[in-house]
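1. A predicted structure for the sequence below; I have some questions about it.
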Amino acid sequence: MTAGRGVMHSEFNPSQKDPVHLLQIWLLPERKGLDPSYEQLAFPDDELRGQFHLVAGPQAAVTIHQDANLYIARLDKGTTAKHSIAAGRYAWVQIARGAVELNGKALVAGDGAALSDEREIRVKAREDSEILLFDLA
């Protein structure tokens with residue numbers, strides 16, 4: 001969603017019995033005054049399973065108005081996904097579900113980690129997991 005000059009929205013769980021799992025993440029846009037917009041896509045599990053898959057960014061399927069790329073990986077227990085970070089860039093890793101080792105450090109669902117001066121991100125699943133990776137300028 002690009003709020004642009006302003007939008008009204010709300011998140012809610014349409015189910016009366018099933019819990020909702022929601023992550024709301026905000027990135028400041030590259031400039032003010034953008035037109036409001038909304039995009040939503042579903043990605044096949046096989047595109048996300050076992051690797052980091054680009055889902056949002058300036059040149060990705062879902063637009064982000066910032067020098068940032070969002071990757072998602074779904075990892076089965078014991079599997080590893082890697083991502084290279086270019087010199088001068090940074091990363092934020094958010095564990096949406098499960099438990100992992102991020103470059104040797106243990107993280108669990110809800111944990112996030114900022115990375116700088118790292119050339120490679122290596123995530124090994126200690127249990128079935130879903131990971132968001134933001135590659136940032």
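-> Sure thing, it's come through. Nothing here was measured: the structure is a model prediction, and the numbers come from that model. Numbering: from 1, shown residues only.
2. Got phi/psi on Leu48?
-> Dihedral angles phi and psi of Leu48 (degrees, to the nearest 10) take the values phi -100, psi -20.
3. how deep is Asp67 tucked in, by neighbour count?
-> 13 (other C-beta atoms under 10 Å). Where C-beta positions appear, they are placed from N, C-alpha and C, glycine not excepted.
4. Pretty sure Glu30 is one of the things it touches, is it not?
-> Yes. Contact criterion C-beta atoms under 8 Å: Asp67 and Glu30 qualify, at 7.2 Å.
5. okay, the residue of the chain positioned farthest from its centre: pLDDT?
-> In the chain, Gln16 marks the outermost C-alpha relative to the chain mean, sitting 27.5 Å out by C-alpha atoms, centre = their mean. At Gln16, the predicted lDDT confidence score is 93.
6. contacting residues around the residue nearest to the spatial centre of the chain?
-> Residue closest to the average C-alpha location in the chain (C-alpha atoms, centre = their mean): Leu132, at 2.9 Å. Taking C-beta atoms under 8 Å, 6 or more residues apart in numbering as the criterion, Leu132 is in contact with 23, 25, 70-72, 93-94, 96.
7. Restricted to strands, list these.
-> With DSSP state E as the criterion, strands contain 70-72, 93-94, 96 from among the contacts of Leu132.
8. among those residues, which ones are buried?
-> For these, a burial check counting by 16 or more other C-beta atoms under 10 Å picks out 70-72, 93-94.
9. mind giving me a markdown table with those residues and columns for pLDDT and distance to Gly78?
-> Output for these, formatted as a markdown table (pLDDT from 0 to 100; distance: C-beta to C-beta, whole Å):
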| residue | pLDDT | distance to Gly78 |
| --- | --- | --- |
| Leu70 | 98 | 25 |
| Tyr71 | 98 | 20 |
| Ile72 | 98 | 19 |
| Val93 | 98 | 19 |
| Gln94 | 98 | 21 |
